[in-house]
Structure formats: C-alpha cells, structure tokens
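Participant: my questions are about this predicted structure, shown below with the sequence.
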Amino acid sequence: MDQSAIEVRGLSVSYGAAPVLVDVDLTVPTGAGVCITGENGIGKSTLLRCIASLQRPDAGEIEIFGGPPGSTPEFWRAVATTVEPPTWYPGLTTREHAELVCRAHGLDAADAGIDEALERFGIASHADAVPPSMSSGQKQRLTLALALLRPSRLMILDEPEQRLDPDGRAQVAAMLAEYRDGGGTILMASHDDVFAAAAGTEVTGMAALVAG
Ligand SMILES: Nc1ncnc2c1ncn2[C@@H]1O[C@H](COP(=O)(O)OP(=O)(O)OP(=O)(O)O)[C@@H](O)[C@H]1O
C-alpha cells in the first residue's frame with residue numbers, strides 16, 4: 001500500500017483559553033487532492049500551518065510521507081507551500097526570483113520553463129519588474145508560479161484563489177489539476193467550491209475532520 005502523503009491524528013490547538021482545533025484527524029493519500037472548506041475562523045489556516053510545520057500544535061501527531069513535518073531538508077524538498085506570504089528579495093525582478101527558486105532546487109534556470117510559466121500565469125509583461133511594484137493579484141500569480149516551477153511532491157496552499165480574477169482562477173485551477181495528473185498531492189483551504197473542483201480536489205468540510 002502506498003504511504004500516505006499526510007497523516008494527522010488527534011490534533012488540538014488553542015489560542016490562550018480558546019480551543020480552535022480539537023482532536024482533528026486527516027489522511028491525504030499520496031496523489032490525492034483535498035480541499036478543506038469552512039466558515040471564517042473555523043481553523044483551516046491553523047491546520048495548514050501545523051501540517052506545514054509553521055506552527056506547533058498543543059497535542060496530536062502529524063506525519064508527512066512518513067516523517068515529522070519540517071525537521072529535515074527532505075521535507076522542504078518535497079513540500080511547496082504558500083501558507084505563509086513570501087518575502088521578496090529587494091532589487092530582484094520577477095524573472096530573477098524565478099531563476100533563484102529554480103537554482104535553489106537544482107534546476108537549470110535556462111531549461112526550467114521560466115518564460116513559459118510567467119506567460120501561463122499572465123505575468124510575462126512583469127518579468128523585469130520588481131514584485132513590490134506589482135498588484136496584489138499579480139503577486140499572488142507570481143507566488144503560485146514559483147511554487148509550481150520548483151519540483152515538489154506535496155503542495156499546501158491556503159486559499160490560492162484569493163485576489164485572482166476569474167481567468168486567473170481558471171488558469172491556476174487547471175495548473176493544479178495538471179500537477180495532480182503528474183503525481184503530485186495537494187492539500188488546500190478554499191472558500192471556492194468551483195475552483196476546488198476545477199483543481200481536481202475533493203472538498204471536505206472542517207467539521208468532518210473532528211474525530212468522532
Ligand atoms: N495567532 C493567533 N492568536 C490568537 N488567535 C488566533 C491566532 N491565529 C488565529 N487565531 C484565531 O483562531 C481561529 C481560527 O483562525 P484560522 O485563521 O485558522 O481560521 P480560518 O478557518 O483559516 O479562517 P479564514 O477562513 O478567515 O481564513 C480564529 O478565531 C482566529 O481569530
């Protein structure tokens with residue numbers, strides 16, 4: 001049997017006295033796509049941050065491809081995430097950010113398809129601009145382009161459709177569906193069921209994750 005990409009058991013998180021996640025279970029098989037939905041403040045981002053190792057839970061266990069999240073370079077080679085907003089390097093252009101990401105992941109920047117990726121994400125005309133000069137939707141497109149350019153086995157995305165116009169949503173959803181067709185696993189949170197379906201992910205309400 002294939003190892004799960006994500007196994008979460010009995011996860012609990014409180015902020016002060018306020019419990020946000022209580023005994024949450026989640027399994028995402030390798031190659032699957034799961035989209036978590038639920039009202040504002042129900043704890044989707046908190047769950048994704050814990051799974052991406054960006055937040056320590058109060059209780060519970062998390063395994064990513066059979067190992068603890070965040071503890072090894074292998075984890076970060078396998079996992080691409082946009083759960084935390086990116087930091088832009090001062091003075092580097094959009095294309096230079098893409099080249100940096102490719103080189104950091106052992107890709108030859110000349111062969112990695114950077115121009116095609118910027119074209120597909122509709123930001124080719126901003127290739128020589130610095131990201132802070134771009135609109136919030138253009139920056140979101142760049143963030144997702146960088147996540148998809150680098151090799152990964154698992155993507156963890158928090159509301160990737162945010163700030164995208166309808167064409168952008170459709171393009172990003174199609175690229176996420178392609179990522180899955182290529183064997184990638186996706187865990188995301190979204191408020192857009194149409195986007196989630198177009199990305200080839202199965203929608204699961206947060207409430208269904210509480211161990212019963
Ligand atoms: N750092 C924090 N300190 C205190 N409370 C927090 C913190 N982060 C989140 N919360 C609270 O935890 C709850 C869950 O927040 P979270 O961001 O995980 O929800 P969400 O489901 O992702 O919401 P949204 O749909 O609005 O993005 C909210 O009530 C929020 O106010």
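Facilitator: The structure has been received and is ready for your questions.
Participant: what is the mean pLDDT for the lengthiest helix in the chain?
Facilitator: Ranked by number of residues, the top helix in the chain under DSSP state H is helix 166-181. Averaging pLDDT along helix 166-181 yields 94.
Participant: in the chain, which spans are helices?
Facilitator: 44-51, 73-78, 94-104, 114-120, 136-149, 166-181, 193-198.
Participant: so which of those helices is nearest D23?
Facilitator: In terms of CB to CB, the element of the helices of the chain nearest to D23 is helix 44-51, at 12.2 Å. Quick note: C-beta positions are derived from backbone N, CA and C, even for glycine.
Participant: and the closest one, what does it pack against?
Facilitator: strand 4-15, strand 18-29, strand 33-37, strand 59-64, strand 154-158, strand 185-189 (3 or more CB pairs under 8 Å, 6 or more residues apart in numbering; DSSP states H and E).
Participant: off-centre distance for that helix?
Facilitator: 11 Å (CA atoms, centre = their mean, to the nearest Å).
Participant: same thing with stretch 197-212?
Facilitator: The answer for stretch 197-212 is 15 Å, by CA atoms, centre = their mean.
Participant: pull the residues that contact it.
Facilitator: 10, 22-26, 32-38, 42-44, 47, 169-170, 172-174, 176-177, 180-181, 186, 188, 193, 196 (CB atoms under 8 Å, 6 or more residues apart in numbering).
Participant: thanks a lot, see you next time.
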